[in-house]
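Trainee: Coordinates for the following, if possible.
(one chain, ligands or ions: 1)
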Amino acid sequence: MGTLNEKVEHAKLIIKDAASKYKRIAVACSFGKDSMVAVHLSRSIEPKLPIFSVMTIYKPSETLEYLIEINREMNLDATVYIVADEIPEIFKENKINTVLLPAHDFHKYFDYVKEKTGKSLYETNPDECCRLLKVEPTKEAVKDLDAWITGLRKTEGQTREDYQEVEVKGGLVKINPILQFTELDIWRYLAMNNIKVNPLYKKGYRSLGCEPCSIIVPDNEPERAGRWQGTSKCGGECGIHTRILK
Ligand code: SF4
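Mentor: From the prediction side, this is the model:
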């Protein structure tokens, strides 16, 4: 596809079409750079489109602080889903709409693995850790939706090359309006629209996730190469884009 302007116009058309077709639609936001572009574009078309986010107990403090800041600045009124024993203090203090989901299954498996191996679940079985902390909460977030909008991009890594702009999966439609944006397109769009970004990018991260599963990778490596390094899941997916959610 051509210029950034053309990609932006194309993305807006996709969002407009989806918003008119699906009554129950929301934008997923991880508070990474791509999500912020998807959110900004979506809200420019439909200012009241709901925003939801799945956070985990392992998200870096920078991401939580950025969530608070940008949620306020962009008036997102995001709803955050999290598996935890209690709502994080920072969410309580800042009156973030939070859906607290039970952590019993996670603790049970985590403790079992720790006892058997001495390691954490994210080291021994990141797929299961992601399922419990990310996929299951996402299912909860989308259970009453017809469609959701994401910030997926094809050039993020090998696992994202085959996604389509509109995907029907089970009882849910996934809309990927910025699929054709490159990493550079994202940075240009954010700069052009004065959108503040997560401070972790200044430290050199290119793809943000949970703290134990994200490292900084050089520019000549695929964008998601720093995710789950040292495990069989390296550069892969947490599962919310590969599993049936509804
Ligand atoms: S990214 Fe890592 S810590 Fe986060 S849910 Fe997945 S395996 Fe667990």
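Trainee: What parts of this structure come near the ligand?
Mentor: Contact residues (CB under 6 Å from any ligand atom) of the chain with the ligand: 56, 58, 122, 126, 129-130, 133-134, 209-210, 212-213, 238. Glycine gets a C-beta too; all of them are placed from N, C-alpha and C.
Trainee: now do 8 Å
Mentor: Proximity of the chain to the ligand, by CB under 8 Å from any ligand atom, involves residues 56, 58-59, 121-122, 126-127, 129-130, 132-134, 209-214, 227-228, 233, 238.
Trainee: Nearest residue to the middle of the chain?
Mentor: The centroid of the chain falls nearest to Ser30 when counting by CA atoms, centre = their mean (3.3 Å).
Trainee: hmm, back to that, just the residues of the chain next to the ligand: which are in helices?
Mentor: 121-122, 126-127, 129-130 (DSSP state H).
Trainee: so where do the helices sit in this structure?
Mentor: 4-21, 33-45, 61-73, 89-93, 104-117, 121-124, 126-130, 136-142, 183-192.
Trainee: Return the distance of the third one from the chain's centre.
Mentor: So that's helix 61-73. The chain centre lies 14 Å from the centre of helix 61-73; the measure is CA atoms, centre = their mean, to the nearest Å.
Trainee: Looking at it now, give me its mean pLDDT.
Mentor: Average pLDDT, helix 61-73: 98.
Trainee: List the buried residues for that helix?
Mentor: 62-64, 66-68, 70-71 (16 or more other CB atoms under 10 Å).
Trainee: Show me what it is packed up against.
Mentor: Here helix 61-73 touches strand 51-55, helix 89-93, going by 3 or more CB pairs under 8 Å, 6 or more residues apart in numbering; DSSP states H and E.
Trainee: Report the backbone C-alpha coordinates of it in PDB.
Mentor: Taking Å, rounded to 0.1, in the frame of the first residue of the first chain, the C-alpha atoms of helix 61-73 are listed here in PDB:
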ATOM      1  CA  SER A  61       5.100   0.100  36.300                       C
ATOM      2  CA  GLU A  62       5.900   2.500  33.300                       C
ATOM      3  CA  THR A  63       3.000   1.000  31.400                       C
ATOM      4  CA  LEU A  64       0.500   1.400  34.300                       C
ATOM      5  CA  GLU A  65       1.600   5.000  34.900                       C
ATOM      6  CA  TYR A  66       1.300   5.700  31.200                       C
ATOM      7  CA  LEU A  67      -2.200   4.100  31.100                       C
ATOM      8  CA  ILE A  68      -3.300   6.500  33.900                       C
ATOM      9  CA  GLU A  69      -1.800   9.500  32.100                       C
ATOM     10  CA  ILE A  70      -3.000   8.900  28.600                       C
ATOM     11  CA  ASN A  71      -6.400   7.700  29.800                       C
ATOM     12  CA  ARG A  72      -6.900  11.100  31.400                       C
ATOM     13  CA  GLU A  73      -5.300  13.200  28.600                       C
END
